[in-house]
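Q: Kindly return the folded structure for what I paste below:
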Amino acid sequence: MDRGFLNIVTDGQWGSCGKALITTALAHKHRPDIISTTNMANAGHTAVNEDGEAFIAKALPSAAILNKWIPDYNPKIVVGSSAAFTLDQMMKEIEITGNPEVIIHPRAGVITDTHRQIEEDIKGGTKHLASTMQGCGAFLSDKVMRKKDLKLARDYDELKDYVYDGYLHDWLYDQVKRRQTILHEGAQGFSLDINHGSHYPECTSRGTTATQNLADLGLPSSMLRRVFVVIRPYPIRVGNVKENNETVGYSGGCYDDQHEITWQQVMHNSNAPDDVAKNILNKELTTVTKRLRRVFSFSDKQLKYAVRVNGATDIALNFANYIDWSCYGCNKYEMLSDKVIDFIHRVEDTAGVPVSIVGTGPQNNHVCFL
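A: The predicted structure is shown next:
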């Protein structure tokens with residue numbers, strides 16, 4: 001990660017690639033001055049420390065927890081203009097992370113029960129897309145339509161101590177000019193992008209690319225230095241919605257060079273221990289919906305598109321233990337097996353950019369910096 005610039009961590013597939021692990025590992029290593037996000041309530045990012053303590057972020061960037069986990073590190077936490085959260089979740093996360101210095105864009109969104117109810121409606125909602133139905137699309141619709149009764153972050157007394165008074169993009173610009181470092185944690189995945197993803201309408205309600213995140217912060221491209229695209233060897237999609245043994249919500253298809261497989265196949269291919277293989281269905285539940293993730297074979301096309309559109313400078317290969325379970329928890333390159341190294345070479349040959357980080361487990365010390 002380069003100091004004195006904006007650096008972005010984004011997802012190269014359909015989400016759940018472990019951006020929280022990569023972001024917290026990068027922040028732990030490089031100590032950026034500012035950690036930002038434009039997350040929404042439909043995405044949960046889980047950070048786990050060396051003691052196994054977990055923090056699930058839906059409003060703040062996952063690495064905000066380092067304010068609590070590292071005694072001598074107190075980064076500023078920025079929530080950008082296109083973020084949307086529930087008021088309760090934001091206040092809860094601020095408390096959990098030890099009350100860091102939080103700066104919220106005045107036009108960030110606050111999702112209400114009404115927004116969630118709109119999406120849960122079987123006729124006019126988003127259940128048919130296997131959406132998380134957290135109210136994000138309904139909120140965005142209200143924001144785009146500029147509804148008279150819509151309240152943004154600036155309109156809530158509970159947030160008055162955190163909402164920036166002025167143009168947040170101007171403040172961020174000045175910080176970078178002063179050689180402050182920003183690490184931005186993107187949300188969801190490139191293949192879910194409403195305009196550039198793999199399938200429409202089985203996608204999310206907004207843009208998810210690195211350049212979209214840059215635009216949401218209001219910063220020029222000259223300030224962007226590194227783009228870490230996070231991938232996993234077996235990409236996932238959120239699980240379908242089933243009611244009374246009938247599929248009422250379909251999360252979408254895949255690229256034409258991959259196919260859907262089972263978690264048992266993944267465990268078999270990685271030579272995972274029996275106890276791990278038996279418990280995998282409990283481990284691979286989505287953070288927000290708790291549905292079992294659908295899993296697919298690796299797609300070179302998906303990788304190429306993600307690298308190209310996001311302008312990737314680095315690849316972060318996460319879940320390397322799903323390639324070969326013998327590397328679970330490794331944090332040194334020389335500890336990785338030949339099977340994992342061969343996959344790294346395949347990714348680099350396909351992407352044309354280096355794999356600079358390898359995640360081998362859930363904890364933020366289960367990371368190899370190459």
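Q: Is it correct that Met90 is in contact with Leu60?
A: Yes: shown here, Met90 and Leu60 form a contact pair, counting by C-beta atoms under 8 Å, at 7.5 Å. C-beta here means a position set from N, CA and C on the backbone, and glycine is covered the same way.
Q: Between the two, which contacts overlap?
A: Here Met90 and Leu60 have Val79 as joint contacts, going by C-beta atoms under 8 Å, 6 or more residues apart in numbering.
Q: Comparing these two, which residue is more hemmed in?
A: A count of neighbours by other C-beta atoms under 10 Å puts Leu60 above the other of Met90 and Leu60, at 31 against 25.
Q: contacting residues for the more buried one?
A: Counting by C-beta under 8 Å, 6+ apart, Leu60 makes contact with Thr37, Asn39, Ile77, Val79, Met90, Glu93, Ile94, Thr97, Val102.
Q: Name the member of these with the shortest distance to His184.
A: Proximity of the contacts of Leu60 to His184 (C-beta to C-beta) peaks at Thr37, which lies at 6.8 Å.
Q: Which secondary structure elements does the longest strand along the chain sit against?
A: As assigned by DSSP state E, the longest strand anywhere in the chain is strand 224-231. In terms of contacts (3 or more C-beta pairs under 8 Å, 6 or more residues apart in numbering; DSSP states H and E), strand 224-231 is packed against strand 6-11, helix 19-30, helix 210-217, helix 300-310, strand 314-317.
Q: Tell me where the model's unsure across the stretch 1-150 of the chain.
A: For the stretch 1-150 of the chain, the stretches flagged by pLDDT under 70 are 122-132.
Q: for it, what spans make up the helices?
A: Assigned by DSSP state H, counting those that start in this stretch, the helices in the stretch 1-150 of the chain fall at 19-30, 66-69, 87-96, 113-120, 136-145.
Q: rewinding a little: which other residues reach the longest strand of the chain?
A: Counting by C-beta under 8 Å, 6+ apart, 1-2, 5-13, 17-19, 22, 26, 190, 210, 214, 303, 306-307, 310-318, 347, 356-357 sit against strand 224-231.
Q: quick one: the residue nearest to Ile236 when sequence neighbours are not counted and Gly189, what's the gap?
A: Of all residues not flanking Ile236 in the chain, Arg293 sits nearest, at 4.1 Å (C-beta to C-beta, 6 or more residues apart in numbering). Distance of Arg293 to Gly189, given as C-beta to C-beta, to the nearest Å: 12 Å.
Q: For these two, indicate the residue with more neighbours.
A: Neighbour totals were compared for Arg293 and Gly189, and Gly189 leads with 30 against 22 (other C-beta under 10 Å).
Q: ok, the more buried one touching Asn42?
A: No: using C-beta under 8 Å, Gly189 is not in contact with Asn42, being 11.7 Å away.
Q: ok so, going back, quick one: closest of the helices of the stretch 1-150 of the chain to Lys283.
A: helix 19-30 (14.2 Å).
Q: Give me the packing partners of the closest one, helices and strands only.
A: Counting contacts by 3+ C-beta pairs under 8 Å, 6+ apart, helix 19-30 packs against strand 6-11, strand 45-48, helix 66-69, strand 182-185, strand 224-231, strand 355-359, strand 367-369.
Q: End to end on stretch 253-262, go ahead and measure it.
A: Stretch 253-262 has an end-to-end distance of 15 Å (criterion: C-alpha to C-alpha, to the nearest Å).
Q: For the stretch 151-300 of the chain, which segments count as strands?
A: Counting by DSSP state E, counting those that start in this stretch, the segments of the stretch 151-300 of the chain that form strands are 182-185, 224-231, 236-237, 241-243, 246-249, 260-261, 294-296.
Q: TSV please, covering the helices and strands packed on strand 224-231 and showing mean neighbour count and distance to Leu370.
A: As requested, these are exported to TSV (neighbours: other C-beta atoms under 10 Å; distance: least, C-beta to C-beta, whole Å):
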stretch	mean neighbour count	distance to Leu370
strand 6-11	29	16
helix 19-30	25	12
helix 210-217	22	21
helix 300-310	20	17
strand 314-317	26	9
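Q: Provide a list of residues in contact with the nearest residue to His169 once chain neighbours are set aside.
A: In space, His169 comes closest to Gly218 once its chain neighbours are excluded; the distance is 2.6 Å by C-beta to C-beta, 6+ apart. Residues in contact with Gly218 (C-beta under 8 Å, 6+ apart) are Ser81, Tyr167, Leu168, His169, Asp170, Leu172, Tyr173.
Q: out of the residues you listed, who's nearest Ala153?
A: Ala153 lies nearest to Ser81 out of the contacts of Gly218, by C-beta to C-beta, at 9.4 Å.
Q: roughly how far is stretch 248-255 from the heart of the chain?
A: Taking C-alpha atoms, centre = their mean, to the nearest Å, one finds the center of stretch 248-255 at 20 Å from the center of the full chain.
Q: Stretch 323-330 now?
A: Centroid displacement of stretch 323-330 relative to its chain, using C-alpha atoms, centre = their mean, is 22 Å.
Q: swap in stretch 7-26?
A: Stretch 7-26 sits 5 Å away from the centroid of its parent chain (C-alpha atoms, centre = their mean).
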